[in-house]
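Student: Need the 3D shape of this:
(4 chains)
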2 protein chains.
Amino acid sequence: MVTSKRGSKDLIRAINYSIILNKIKEIGPVSRAELAKVTGLSSATLTGISAQIIADGLIFEKEMGESKGGRKPILLALNPSGGYAVGIKLTENTLIGVLVNFVGEIIERYNMKLVSKTPESVADLIGNLTEELIKRSQVPKDKLLGVGVGAAGLVDFDRGMLITSPFFRWRNVPFSQLVQNRVGVKTYVDNDVNTLMVAEQLFGAGQNLEHFITITIGRGLGMGIVVNGQIYRGVKSAGEFGHITVHSNGRQCACGKRGCLETLVSDEGLLISGREVCSEPVDSVDDLLQLAESDHNNAQNVFAQAGTLLGAQIANLITVLSPMRIIIGGEGVRFGDWIFKPMHQTIKENIMPYQGEATEVVVEPWGDDRWAVGAACLVLGEFVKSPLYRNSSYD
Amino acid sequence: MVTSKRGSKDLIRAINYSIILNKIKEIGPVSRAELAKVTGLSSATLTGISAQIIADGLIFEKEMGESKGGRKPILLALNPSGGYAVGIKLTENTLIGVLVNFVGEIIERYNMKLVSKTPESVADLIGNLTEELIKRSQVPKDKLLGVGVGAAGLVDFDRGMLITSPFFRWRNVPFSQLVQNRVGVKTYVDNDVNTLMVAEQLFGAGQNLEHFITITIGRGLGMGIVVNGQIYRGVKSAGEFGHITVHSNGRQCACGKRGCLETLVSDEGLLISGREVCSEPVDSVDDLLQLAESDHNNAQNVFAQAGTLLGAQIANLITVLSPMRIIIGGEGVRFGDWIFKPMHQTIKENIMPYQGEATEVVVEPWGDDRWAVGAACLVLGEFVKSPLYRNSSYD
DNA sequence: AACTTTCTTTATTTAGTGAATTAACTTATT
DNA sequence: AATAAGTTAATTCACTAAATAAAGAAAGTT
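Tutor: The predicted structure follows:
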């Protein structure tokens, strides 16, 4: 009723191209014959389209398979060096950069300190960082498929606009355009949680899931939603999970409201709670974590209460959205059982008996370059995504 | 990444057929030339496909338009008598039936009392009701496009299964198949909130909205979600809004949990709350409503508190999902400002300053046959829906 | 009579398909 | 071991159908 991408030969091609590419990613290495079987396409079509994807460099004839009593199958697989993407996480003072290959493996890492914080100078520095990554990795420049940038704040992905940016006080900056002008390749900008989610979707715990949710715990409390294999963005930035109201007269939040979940479950929220109940000096959440691990009861309770609150809200999320999986990530993953044990317990107590059990809640191990890898996956995603969900046209 | 409907000539045709049919529904009566312009299809294609839709009886050449300095345009419009659908709402003791035309207008109404409550006898009675509706309306039988059934409880739409049914204690009943065998036309079964939502989507406040949410207040507290123009169902029945936990030690709910929103905001919830605070006899929510309207302070507070609770949860919903619109319907709409004024107030106080304002919350006027009309719209929706979102295949 | 706008017809292009063909094996038989 | 028969994989080819551009017909206005 809303979709209006019109049917054309190019669309057919693009759809089938994408189906085949995705199946190879999913079950490859795999023969053309097998692909024809699982996709329902004819073997003739498979010959044609696979030739095209090979010409595009995205897949290659990797090896011969075992014979099943006849000619040996030629197994097709994603070509790791078929293309590369640069991913950059924008933080308050630093650009964290990675260069990944077509299967999401990190080839090169490099960070740069921000000196000036105007949009132009940050875009320029991203250009420098991109060039540095390419130089160090010795990847041919024309194999760079694009640059992805992940940033905190409200982002209009389709227009590549940073609507608000907490660190820089920018407003409605057409950032992807700025970067694209500098680097000369297609550039995507998205909210950092969404970048992380795309990484999970392509190469992580979100693979082949129609619906899943990602929640990140760290400086803030973020959330991303995938519905029918595509990121759901709502009219204006869906997924502001951290700004759910849990206490109508709670702590003041930076968003302007009071009692947001984030004022209790986030680095700063935990820190404040910790200082309220600990007589020891608590300079950071890591201090608080240390206290908890050295058997400090009040510190443990701070994490436990945060976990309980988080669990209650996640349970409600499950009740309303019934996702296949909820993936928890972010720097806060290091709080471990102190927070996640009570969280799981509370989820269990608050979901519906039959309906809620269908959702799996997993805490993913965390690595510091995850944000940046996610940003790079924005680029890769555009190649793997179904054309129906893509912004770019093809006719 | 998930979608796998393969590209074929039939798919192109089906997509463009659907685009044109929808555009005519949206902006018709409209000329072929204008349709070509807004859809991006060639005029030749428009000639071909419009001829086909006319042959199918779904549109017709309604009238001539004004000349703009050349040949007068022939305006195409949906054909109200292009097809008819029967919609049935399953309640505890009664079948509420309507027959609607292709543009959703009610042609005939009829109800039947349930005598036996086995799946087979209910399916049989639906057959009788369908035949009665057709007889009375004098609609030619071959113009009946299908039968839609709306039921409370958990429904597996794709399989047409009633997983659980609160009124009848059925379990995993393949109900659409049972009815289809009896009536001989395509039959769809869905949760009643979803049927209502499809009606809003096709002919009501949800037209041309990519994302919106429907909330129904009545015997229960239901919710439906439309994302990208399609109903979002989750893994297991998304939208159990009534079973969000609001008080961890609250009232016992029929679902097995405690403190569900529904135990406070629903006919029964209001009734219990009313009895707790009113000395007068309160036999039904309508008694309570009467008391409120005759200036009974405690009764008014019962509604106000329910409205506040509801508003707080809707605000959180907006924060997380950022839908374009939230449509509130159901029998509870008659509580009017007693409940909706505090609801709106609380929503306002609890949404995020910038993000939340993008969502509009509307209370729709209620009619008793809405449920049944919605069920009929399940059938019509299958004709208007984009083939990409449809279950049925076409090759 | 000249111009416009709407709609249809015609020839062309192109993507998928089934059937036939070629390629490259394994297995049974002599 | 040599050969034939059978299998599976991949490609080639003729065919079909849907969109399209371009040309033409229809029906107006100026």
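Student: Every contact and neighbour count from this point should use C-alpha atoms.
Tutor: OK.
Student: Which of the three states applies to the nearest residue to A:Thr263 once chain neighbours are set aside?
Tutor: Leaving aside its chain neighbours, A:Thr263 sits nearest to A:Gly269 (4.7 Å; criterion: Cα to Cα, 6 or more residues apart in numbering or on different chains). Here A:Gly269 is recorded as helix under DSSP: H, G, I helix; E, B strand; the rest coil.
Student: A:Gly269 contacts A:Cys260, correct?
Tutor: No: taking contacts as Cα atoms under 8 Å, A:Gly269 lies outside contact range of A:Cys260: 10.0 Å.
Student: who's in contact with A:Thr346?
Tutor: Going by Cα atoms under 8 Å, 6 or more residues apart in numbering or on different chains, A:Thr346 touches A:Thr308, A:Gly311, A:Ala312, A:Ala315.
Student: Restricted to helices, list those.
Tutor: Those of those mapping onto helices are A:Thr308, A:Gly311, A:Ala312, A:Ala315, per DSSP state H.
Student: quick one: which two of those residues are the most distant?
Tutor: A:Thr308 and A:Ala315 (10.4 Å; Cα to Cα).
Student: tell me the SS of whichever residue of chain A sits closest to DNA strand D?
Tutor: Chain A approaches DNA strand D most closely through A:Gly70 (2.9 Å), counting by Cα to the nearest atom of the strand. Under three-state DSSP, the three-state class of A:Gly70 is coil.
Student: neighbours around it, how many?
Tutor: The tally of other residues near A:Gly70 (other Cα atoms under 10 Å in any protein chain shown) stands at 7.
Student: just A:Val122 next, same as before
Tutor: By the criterion of other Cα under 10 Å, A:Val122 has 20 neighbours.
Student: what's the average pLDDT for the helix or strand hosting it?
Tutor: Secondary structure assignment for A:Val122, by DSSP states H and E: helix A:119-137. The average pLDDT within helix A:119-137 is 98.
Student: Quick check: next helix or strand after that helix?
Tutor: strand A:144-151.
Student: That following strand: partners in the sheet, and parallel or antiparallel?
Tutor: Counting by DSSP bridges, the strands paired with strand A:144-151 are strand A:84-90 (parallel), strand A:187-191 (parallel).
Student: Take those strands and lay them out in TSV including mean pLDDT, mean neighbour count and distance to B:Gly7.
Tutor: Shown next, in TSV, are the strands paired with strand A:144-151 (pLDDT from 0 to 100; neighbours: other Cα atoms under 10 Å in any protein chain shown; distance: least, Cα to Cα, whole Å):
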stretch	mean pLDDT	mean neighbour count	distance to B:Gly7
strand A:84-90	98	30	28
strand A:187-191	97	27	28
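Student: what would these look like in TSV with distance to DNA strand D?
Tutor: Below are the strands paired with strand A:144-151 laid out as TSV (distance: least, Cα to the nearest atom of the strand, whole Å):
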stretch	distance to DNA strand D
strand A:84-90	26
strand A:187-191	28
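Student: Using TSV, lay out those together with distance to B:Pro353.
Tutor: Below are the strands paired with strand A:144-151 laid out as TSV (distance: least, Cα to Cα, whole Å):
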stretch	distance to B:Pro353
strand A:84-90	24
strand A:187-191	19
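Student: can you tell me which of those strands comes nearest to A:Glu108?
Tutor: Nearest of the strands paired with strand A:144-151 (Cα to Cα): strand A:84-90, 9.3 Å.
Student: Contacts (any at all) between chain B and the helix or strand containing A:Ala376?
Tutor: Following DSSP H and E, one finds A:Ala376 within helix A:370-384. Yes: Helix A:370-384 lies within reach of chain B by Cα under 8 Å from any Cα of the partner chain, at A:Val384.
Student: before we move on, what about stretch A:207-224?
Tutor: Yes: looking at stretch A:207-224 against chain B by Cα under 8 Å from any Cα, the contacts come from A:Asn208, A:Leu209, A:Glu210, A:His211.
Student: hmm, which two among the residues you listed are most spread apart?
Tutor: Longest span within the residues of stretch A:207-224 next to chain B, Cα to Cα: A:Asn208 and A:His211, 9.1 Å.
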